[in-house]
Every structure is written in structure tokens, then in C-alpha cells.
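Colleague: Only the shape, not the letters, is given here:
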């Protein structure tokens, strides 16, 4: 809805002159990084006046550039049920290319890339997780302590370094792996 969405409510609560919502239903964290940095580079003269609020999405969503379509195509777990070409692409991606460890690693790298860009340029920001982690093959949500247990399993089996968590500024992103501080938890 255009009149009753997150950004409109945010603007009504806080004294922002303008609130720009660049979210996309079903979009990926890759898109969030790409579009946010694109916007910021196009609006350098406003950096001192900006507050960037990032709601990270499911770690298993992705996007890729299509030379054939000449646009960014996005893949998420919900498209698998579609009978369209997009559904076929999603099913093929999750069946053949997706894996949990890589999704979590991409999530970390996306967060670290955007966090670093924002800090380097002294742009005010805050980040939160919009959703619990979800497995696109089984559609199982982790949520609660399971999100952090999932992270710990990846660390303990050597898939990712323990230092990932230390690299994220928890003051400005307290829900990196803590589902209890995510937007999904607040809504529930």
C-alpha cells in the first residue's frame, strides 16, 4: 500500500523531511547493497543530512544480471511454485546452486560491505533483520535461538570464521544473528 507502509509510518513518527523507500517485494540483500550504494553515490551532496535504515531480508534470496534481458533478475524461494520461466529459474537455482553456508557468507559480506561504506563516508545508519532465516528447500524457518545455533554450527564445523560476528557493529545492527531483535520478532 502506498499510504500505509513502513516508510510512511516512519515518516509520521520521526521528523524526516523526506522518506525514500526503495524496497522491492521479494528483493535480495544483494539488491539492497547495490541500490543503496547507487543511491548514495548519486546523492553525495546530501550525505550529511541522510539517515539510512536497512531492513535486511532472507539470506537465501539473490539477484543476477541477465545479458539476455538487459536487467537484474531476482530469485527467491517463493518463486519456485510459479509455472513461469521465473519459477523455473528459481527451482533450478535452489536445486543446483544454493547452499546454506554460501548464503550466510554472502549475507555477512553484504552487511560488511554496506556497513563499511556507510562508516567510511560518515553516513548515519541503522540495520535490522526483517525475517528469520529460512531454508528455501524445506521452507523451514529457524527463528528464535535457532538462528544463532545455525550460525554457531557453521563456525564450529569450520565453514565460516568465528570473527564474522565481531566484524559487524552490533550497536547499529543488533539483530545480525539474533532473531529476538529482528523486525519479524517485533511484528509478532
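Modeller: Cool, got the structure. Keep in mind that this is a model prediction, so the values were computed, not measured.
Colleague: how about the strands of this structure, start to end?
Modeller: Applying DSSP state E to the chain gives strands spanning 51-56, 62-66, 71-75, 124-129.
Colleague: which strands and helices sit next to the first one?
Modeller: This means strand 51-56. When contacts are defined as 3 or more CB pairs under 8 Å, 6 or more residues apart in numbering; DSSP states H and E, strand 51-56 sits against helix 29-42, helix 100-120, strand 124-129. C-beta coordinates here come from the backbone N, C-alpha and C atoms, glycine included.
Colleague: tell me which residues of that strand are tucked away?
Modeller: Across strand 51-56, burial judged by 16 or more other CB atoms under 10 Å covers 52, 54, 55, 56.
Colleague: that older thread, switch the strands of the chain over to CSV; also include distance to residue 105 and mean pLDDT.
Modeller: Formatted as CSV, the strands of the chain follow (distance: least, CB to CB, whole Å; pLDDT from 0 to 100):
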stretch, distance to residue 105, mean pLDDT
strand 51-56, 14, 93
strand 62-66, 12, 90
strand 71-75, 17, 89
strand 124-129, 16, 92
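Colleague: picking that back up, just the buried residues of strand 51-56 now: which is nearest residue 136?
Modeller: Residue 136 lies nearest to residue 56 out of those, by CB to CB, at 16.2 Å.
Colleague: Excluding chain neighbours, what is closest to that closest one?
Modeller: In space, and not counting its chain neighbours, residue 56 is closest to residue 129: 5.2 Å by CB to CB, 6 or more residues apart in numbering.
Colleague: Residue 81 now?
Modeller: Nearest non-adjacent residue to residue 81 (CB to CB, 6+ apart): residue 87, at 6.5 Å.
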